[in-house]
Structure formats: C-alpha cells, structure tokens
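Asker: the amino acid sequence is not available; the structure is as follows:
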C-alpha cells in the first residue's frame, strides 16, 4: 500500500519545512528537510535518488531523482529554497498551509516547492514501468541567492536529457527567453573632516555624484545600443537600488556606498558589463586614486535564450494551449541549457505572488498542471 501523501498533505509538509536562502548566515537555512521529503517520495515511486551536497554552501543539497535508463528523456527541474519572509507582514504563518478563497497560502506554495508536489501527484497515475526514455527530477539549492545548486548540477552531472522544463511560476505559459542579472556595489572612500573647511577633506558624496553621472551615461548607452523587441522592456535596465553616505551635516562625508542592478539581454556577458562599468568610471578613478572600489554584491545570473520555433516549444505550446513568451526575471534556465537540452520555463502560479507577503497559489492551477505534466511525461518518456 502506498504511503505517498495526497496533494494537500504534500504541499503542507513541504511548506512546513523551512528552506530559506540568504546571503546573510544568520538568515540562511539548510534545505535538507525538503530534500529528505522529496527523496522519500520519489524513492517510493521507483526513482533512483542521489542527494549530493553543494560545495561552498551552508549544508545545502541537490536531489537528482532518475527513473529509467539510457540517454535523452525529460528533465523536470525546480528549486527547493525560498526567499526570507517579511516579519509581521504575513497574515498567517509562512510555514503553515492555509486554504482561503480557493487559494493555498504559504512560503513556497508558488515559488516554488509546490511544483514538486504536483510532479508527485502526476506520477501516481502514470505507468512508470512502461517508460522508454528516462525521467529526471532536479530539486536544486540556493536558486534565490547564488544559483550554486543548478551550477553544480550542470557542471557535475552525466544526465543528458533531450528536453527540460523548469517549473517556475509562469501561469502555465512556456517561457523561452529571459534577461540576466548583475548586482554591483560601488564604494567611494573619501577623507572626513570638519565641514567648515572642505578643502581639508574629500567628500565621498560629491565624488559619488560624479560616479552616478557616469553611470547614467552608461545606462543611456545600454538603452540606445542594445535591443530585443520580444521583451516588454526591450533594452538592458540599470537601477540604483541603495545609497548611503555620511553621518552628520557638519562633517565631510568619508564614505558613500551605492548598490546597482543591471539586467542584460541574451547575448550580453556579465563580464563584459562589469568591464563597461569600470571603463565608464576610469576617468574619475584616475582623478581620485584609490577612492573608488567596484565589487560584485553576489553571483550574477546569466541571461537565457531558447528557440521560439523549436520542436519542443511547439509541442509545449500545443499541450499547454499557450503561446511561448519572454520574461524580464532570471531563472536557472541558462545552466540547465548547458546540458544540451531544449529548455523552457513553465510552471503553475503567477510571478506576481513570488517574493510577496502572503504568497499563494490559486487552486485553479492544480488540475491543469497535473494534466499538463502527465502529457509532457507521456509525450517524451512513454509514447
């Protein structure tokens, strides 16, 4: 007799197992409890499971579950971690599944632990003994921070699927292209002193003013010289997200920090963007030797470009009843694509609920997602 939980129970158990990823050690959590649950369920379904530890992580693991032999087949991928939650802004516990207004609320319902529960539910009704091509499940670590789980899998695995689906929330619309992400910190170190004699110091805020002026020129250059009309925002964006400097009106500011975010189009390498930033600031750096430091805040994410006209895109469009689209946010797709497989991002729920207080997934997605997963698995692994 099967001990697999029903769909609501599997959602409940996954949400009750905190798996927050954070660059700050005090907020970061191991994802091992989620990995253990998934390993138990997929093992019962007949999968061979491995749970390799991810290097350079705080006790993070991937799950690689495989059913069937040989090369090719289908990879269903997703991440086991969540973002931190806003204390006091949730109307219920983030780690308790709450049903209200035909929605399931909880941290990870939409983005995206719930996807694995839906895979398990789809597999219950499939003749797994009849698989002609292998099905692989990747449950990765640290997507919300470094993407080290997906990067390690792409580097180390011997799995060679023909096709891949990454189950991020896309409202069940296939996504074949998205932008990347680069986050940089710029620190200007000046010389503090009494405000009554500015010449005796170096005001870091004034130097940062010059820095921002150059970055605005770079922002304009990016918007005027790079374009992909498939995107709703068809150019690379730059955002100044954080700035801090100084401590008193009557002191010359000795230090000023700026954090910025750049979203490159497919075909733009992160390393090239980093060089652009340095080149645009070179003249100021020469005028104020040793005062300007540019660093990467956290590992960036490459952009992703699949093929809107590929056989796989056309199959998924037909089975989902939705036309393939592009999005502005980043996923693990560029690393999964390194396996040589045709890759799409497609999953239940809306990205509008991701990273929000009271995250939820609408129950209207449950049956269509399960049916679509069955069709995709049958198409690739059984037919």
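Answerer: That came in fine, so what should we check first? The model shown is predicted, which means the values in this text are computed figures rather than measured ones.
Asker: how about residues contacting the longest helix seen in the chain?
Answerer: Counting residues, the longest helix found in the chain (DSSP state H) is helix 204-225. Under the contact criterion CB atoms under 8 Å, 6 or more residues apart in numbering, helix 204-225 has outside partners 186, 188-190, 235-238, 240, 243, 245-246, 253-256, 258, 260, 262, 276-277, 280-281, 283-284, 288, 291-292. The C-beta positions use only the backbone N, C-alpha and C, and glycine is treated the same way.
Asker: mind checking which of the residues you listed are in helices?
Answerer: If you go by DSSP H, those have 276-277, 280-281, 283-284 in helices.
Asker: which among these gets closest to residue 116?
Answerer: The nearest member of the ones in helices among the contacts of helix 204-225 to residue 116, counting by CB to CB, is residue 277 at 38.3 Å.
Asker: what sits against the closest one?
Answerer: 184, 215, 218, 294.
Asker: ok, back up a step: and the ones in helices among the contacts of helix 204-225 as a markdown table, adding pLDDT and distance to residue 128?
Answerer: Rendered in a markdown table, the data for these read as follows (pLDDT from 0 to 100; distance: CB to CB, whole Å):
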| residue | pLDDT | distance to residue 128 |
| --- | --- | --- |
| 276 | 98 | 50 |
| 277 | 98 | 51 |
| 280 | 98 | 56 |
| 281 | 98 | 57 |
| 283 | 98 | 63 |
| 284 | 98 | 62 |
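Asker: ok, the residue most central in space within the chain - contacts?
Answerer: Residue closest to the mean C-alpha point of the chain, counted by CA atoms, centre = their mean, is residue 331 at 4.0 Å. Neighbour list for residue 331: 143, 166, 168, 175, 178, 301, 304, 345 [criterion: CB under 8 Å, 6+ apart].
Asker: so which one among these has the lowest pLDDT?
Answerer: Ranked by pLDDT, those bottom out at residue 301, which has 91.
Asker: give me the beta-bridge partners of that one?
Answerer: residue 181 (DSSP bridges).
Asker: try residue 256
Answerer: residue 188, residue 245.
Asker: what about residue 239, how many residues nearby?
Answerer: The tally of other residues near residue 239 (other CB atoms under 10 Å) stands at 12.
Asker: distance check, it against residue 145.
Answerer: 19 Å (CB to CB, to the nearest Å).
Asker: likewise for residue 289?
Answerer: For residue 289, the distance to residue 145 equals 34 Å [CB to CB].
Asker: residues contacting the residue lying closest to residue 89 once chain neighbours are set aside?
Answerer: Nearest residue to residue 89 in three dimensions, chain neighbours excluded: residue 357, at 3.9 Å (CB to CB, 6 or more residues apart in numbering). By CB under 8 Å, 6+ apart, residue 357 lies in contact with 85-86, 89-91.
Asker: can you tell me the SS state at residue 357?
Answerer: Per DSSP: H, G, I helix; E, B strand; the rest coil, the local secondary structure of residue 357 is coil.
Asker: more crowded one of residue 289 and residue 145?
Answerer: Shown here are residue 289 and residue 145; by other CB under 10 Å, residue 145 has more neighbours (20 against 7).
Asker: list the contacts of the more buried one.
Answerer: Contacts here follow CB under 8 Å, 6+ apart; on that basis residue 145 touches 21-23, 81, 298-299.
Asker: count of residues packed around residue 218?
Answerer: 19.
Asker: measure it to residue 349 for me?
Answerer: Distance from residue 218 to residue 349, counting by CB to CB: 35 Å.
Asker: for residue 117, same thing?
Answerer: Taken as CB to CB, the span from residue 117 to residue 349 is 12 Å.
Asker: ok, residue 317 next?
Answerer: Noted for residue 317: a distance of 19 Å to residue 349, by CB to CB.
Asker: do the same with residue 365
Answerer: 6 Å.
Asker: so these two - more neighbours on which side?
Answerer: Remark: of residue 365 and residue 349, residue 349 carries more neighbours, 27 against 22, as counted by other CB under 10 Å.
Asker: got the contact list for the more buried one?
Answerer: Residue 349 touches 109-112, 114, 169, 171, 361-362, 365, counting by CB under 8 Å, 6+ apart.
Asker: any quick ChimeraX command for the buried ones out of the ones in helices among the contacts of helix 204-225?
Answerer: Applying 16 or more other CB atoms under 10 Å to these, the buried members can be selected in ChimeraX as follows:
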select :277,280,281,284
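Asker: name the nearest of the ones in helices among the contacts of helix 204-225 relative to residue 377.
Answerer: residue 276 (43.5 Å).
Asker: what's the closest non-adjacent residue to the closest one?
Answerer: Here the residue nearest residue 276, using CB to CB, 6+ apart, is residue 218, at 6.1 Å.
Asker: how about residue 315?
Answerer: residue 379 (6.5 Å).
Asker: the one you found in helix, strand or coil?
Answerer: Under three-state DSSP, residue 379 comes out as helix.
Asker: surely it is in contact with residue 316?
Answerer: No - under the criterion of CB atoms under 8 Å, residue 379 is not in contact with residue 316, lying 9.3 Å apart.
Asker: which one of these two is surrounded by more residues?
Answerer: Between residue 379 and residue 316, residue 316 has the larger neighbour count (other CB under 10 Å), namely 24 against 17.
Asker: about what we covered before: just put the contacts of residue 277 in JSON lines and tack on distance to residue 75 and pLDDT.
Answerer: Listed next are these as JSON lines, based on distance: CB to CB, whole Å; pLDDT from 0 to 100:
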{"residue": "184", "distance to residue 75": "32", "pLDDT": "97"}
{"residue": "215", "distance to residue 75": "39", "pLDDT": "98"}
{"residue": "218", "distance to residue 75": "38", "pLDDT": "98"}
{"residue": "294", "distance to residue 75": "37", "pLDDT": "98"}
